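Novice: coordinates only, no sequence provided:
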């Protein structure tokens, strides 16, 4: 008899192949890309900040935080244990 | 030559005030799993990774008592897992999974608790992993999760209610139209009003129904003795005339009718496990181990029908935030290096003022959370508010740290770890147990893997070339962020970012482990949801570009089923934990498959794997964390075992493991974060 481990692994693989791949994460593809762009913009601003602009940098970080909050408000949360 | 446990990193916060005491603000839980309600309507909770039981009043407002400590004595536990209240006697059954036994505890109205007996560890029974437990007509049924039958199958074990062994059930016999069903890693059990047993058959992602003789009981709606098509089957609960399957679909509790047909789902959860019926009408107790809390929900399950999705109302929950100084919450990965000779001392020394400020900040924040935690709010909204409030708190703390100018003295000599549940990186200068400090701007939830990258030449915009860049993968957003150290802010800030969620070659889906190719500084990412390895490169201009990807879903050579981690040796050979195929695959620098080693099976000192999760290369050796076997296995690069360490449980002084994640090796030191125990174990491998 094929071992239970092999049968279980085959069943899980078959299930995965049959089920249309759908992201189970909280963020949609679009939101993920929005987030990507936000961080990119943030990086550009932080990069160009001079020593005396600490206040501006922290303000910009805070703005991104607010935008993240908006995305988080729409999402469901999940975890990596699958 | 050999590997041995040395120490751990991560503060244990398990102190309780004089009891009884208010729940809020007084208890930090560590991956709680089981719950039950006793005959006086008190709620018992298995605070599993703290090796104790905690008893609350019916409304979860007050902590009434606590019982147990770490060990193997009569009053001790090693991962108390599931709880069951005897319906007629003042007894609580506790499956003590790490001690391979079941306790019977007796209690009275005044909550005096005494140990009656333990069973299941006697040689003729020899439980290998007592997990779920149910009672019916003076008999108990226990799911023996890690028992290995002739073909690897697990079993159910039947005892009298006093713990006398009756028999084992090794397969579920079905009608002529069905083959026998086997169990693999059965976890939660439940019982319906007819006395039928429901088994969360985790290895097959099914829920199986049988009687007490191991005969399958078909569902009238499907004619099968099991429910299939589940995302996960870690637990099952029959309540209010429905079958509830936590995690049956992502972030939800699947709801089935008793005829086995899907009714809908309860949404807005994280990774729920045990559901216990509360004495009050339409109330459910739900443990969220990863969130480290026990929640009280209100829902009339009759409203779940025609495949709809319903939120529940969160009435309250217990379990404070795991954000005390030095404490970890779902630690997933480690990287970096500690300079030899750094004296072991608390890094928090001299920051008393800061701690005071943070405490005040936290107290104020908790008041805000409580004010926002409206009774009767739907679960997704309620959890979302908590989530945002906590996120906000992280930012406040970061500003404060910046304001006070707290920074590491030698940021190039730190051990960094992803403290995912607290949405931040923490760092230590000396790997002392209580030495962690937050070290980054708050990260998005879902940050998981981490690696250090030292560019050959300073990159444009790099603020401090002496400090390595940190590459962090985010499981949820599928974005990889490269952080750098800002001397101005004394914090890590993003340097560049790439990825985003999707299946296109330049995208990622559930990225996990990261490795840096020492031959060219490429970034290799285990793109687990896309079943491939993704190779990226930071150009001299500091721009991240995709080099290539290799692999696809399958079990043939070169294919993957959930690759979880990757390592690269000095020659550029790439080693991948092909997690659900239970093997290690080896590729050349161009992604061409070379060979594989390992096969599925139990074993702590051989090349058998059961969900190998993490891999790292150092000095001609491969270090592999083998999840179900709870072993760290050391191989040479040809796949020959050299040595191993094994330990299942939650004893912090023995290096035991529950849910080990992405390991890190540096100069023989093996750092293995355990995201359920919430600490990083440190082992030493002697190469000599």
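Specialist: Perfect, I can see it now. As the structure is a prediction and not an experimental result, all values here were calculated from the model.
Novice: show me where the stretch 151-300 of chain B has its helices.
Specialist: Ranges of helices in the stretch 151-300 of chain B, per DSSP state H, counting those that start in this stretch: none exist.
Novice: also chain A?
Specialist: Under the criterion DSSP state H, chain A contains helices at A:4-18, A:29-47, A:54-74.
Novice: which of the ones you listed has the lowest average pLDDT?
Specialist: Per-stretch mean pLDDT for the helices of chain A is lowest at helix A:54-74 (a mean of 63).
Novice: helix or strand with the lowest mean pLDDT in chain B?
Specialist: Across the helices and strands of chain B, mean confidence by mean pLDDT, DSSP states H and E is lowest for helix B:352-372: a mean of 45.
Novice: identify the residue nearest residue A:32 in space, chain neighbours excluded?
Specialist: Excluding the flanking residues, the one nearest residue A:32 by Cβ to Cβ, 6 or more residues apart in numbering or on different chains is residue B:501, at 3.8 Å. In this view, the C-beta of every residue, glycine as well, is placed from N, C-alpha and C.
Novice: same question for residue B:639.
Specialist: residue B:597 (3.1 Å).
Novice: give me the beta-bridge partners of that neighbour?
Specialist: Beta-bridge partners for residue B:597, by DSSP bridges, are residue B:584.
Novice: ok, it - contacts?
Specialist: Neighbouring residues of residue B:597 by Cβ atoms under 8 Å, 6 or more residues apart in numbering or on different chains: B:583-584, B:586, B:607, B:635, B:638-639.
Novice: one more time with 6 Å, if that's ok
Specialist: Each residue near residue B:597 by Cβ atoms under 6 Å, 6 or more residues apart in numbering or on different chains is listed here: B:584, B:607, B:639.
Novice: do residue B:510 as well
Specialist: B:475, B:528-529.
Novice: which ones among the residues you listed also lie next to chain A?
Specialist: residue B:475 (Cβ under 6 Å from any Cβ of the partner chain).
Novice: around chain A, which positions in the stretch 501-650 of chain B sit nearby?
Specialist: So far as Cβ under 6 Å from any Cβ goes, the stretch 501-650 of chain B lies against chain A at B:501-502, B:555, B:561, B:600.
Novice: inside strands: which ones of the residues you listed?
Specialist: Among these, the members falling in strands are residue B:600 (criterion: DSSP state E).
Novice: who wins for neighbours among the residues of the stretch 501-650 of chain B next to chain A?
Specialist: residue B:501 (27 neighbours; other Cβ atoms under 10 Å in any protein chain shown).
Novice: ok, now which ones touch that one?
Specialist: Contacts of residue B:501 (Cβ under 6 Å, 6+ apart): A:29, A:32, B:478.
Novice: I'd guessed the second one sits against residue B:477; true?
Specialist: Yes. Using Cβ atoms under 6 Å, residue A:32 is in contact with residue B:477, at 5.1 Å.
Novice: for these two, indicate the residue with more neighbours.
Specialist: Shown here are residue A:32 and residue B:477; by other Cβ under 10 Å, residue B:477 has more neighbours (32 against 25).
Novice: what about the strands in the stretch 251-400 of chain B?
Specialist: Assigned by DSSP state E, counting those that start in this stretch, the stretch 251-400 of chain B shows strands spanning B:252-257, B:262-267, B:275-277, B:283-288, B:293-298, B:308-311, B:313-318, B:331-336.
Novice: dump those strands into CSV; add mean pLDDT, mean neighbour count and distance to chain A as well.
Specialist: As requested, the strands of the stretch 251-400 of chain B are exported to CSV (pLDDT from 0 to 100; neighbours: other Cβ atoms under 10 Å in any protein chain shown; distance: least, Cβ to the nearest Cβ, whole Å):
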stretch, mean pLDDT, mean neighbour count, distance to chain A
strand B:252-257, 96, 24, 8
strand B:262-267, 94, 21, 7
strand B:275-277, 97, 21, 17
strand B:283-288, 96, 24, 9
strand B:293-298, 95, 23, 13
strand B:308-311, 90, 16, 10
strand B:313-318, 92, 21, 13
strand B:331-336, 91, 26, 7
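Novice: make JSON lines out of those strands and add distance to residue B:57.
Specialist: Shown next, in JSON lines, are these (distance: least, Cβ to Cβ, whole Å):
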{"stretch": "strand B:252-257", "distance to residue B:57": "25"}
{"stretch": "strand B:262-267", "distance to residue B:57": "25"}
{"stretch": "strand B:275-277", "distance to residue B:57": "15"}
{"stretch": "strand B:283-288", "distance to residue B:57": "13"}
{"stretch": "strand B:293-298", "distance to residue B:57": "11"}
{"stretch": "strand B:308-311", "distance to residue B:57": "26"}
{"stretch": "strand B:313-318", "distance to residue B:57": "10"}
{"stretch": "strand B:331-336", "distance to residue B:57": "32"}
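Novice: so where's chain B shaky on pLDDT?
Specialist: Counting by pLDDT under 70, chain B shows low-confidence ranges at B:176-177, B:338-412, B:441, B:444-445, B:489-490.
Novice: need the residues of it near chain A, please.
Specialist: B:151-153, B:182, B:184, B:203-204, B:250-251, B:270-271, B:290, B:388, B:395, B:448, B:461, B:475-479, B:493-494, B:497, B:500-502, B:555, B:561, B:600.
Novice: report the buried residues of stretch B:96-116.
Specialist: Residues of stretch B:96-116 classed as buried by neighbour count (16 or more other Cβ atoms under 10 Å in any protein chain shown): B:96-105, B:107, B:113, B:115-116.
Novice: ok, and what's touching that stretch?
Specialist: By Cβ under 6 Å, 6+ apart, the list of residues contacting stretch B:96-116 reads B:40, B:64-65, B:67, B:72, B:74-75, B:77-81, B:90-95, B:117-121, B:127, B:129-130, B:648-649.
Novice: tell me the buried residues within those.
Specialist: The neighbour count (16+ other Cβ under 10 Å) marks B:40, B:64-65, B:67, B:72, B:77-81, B:91-95, B:118-120, B:127, B:129-130, B:648-649 as buried among the contacts of stretch B:96-116.
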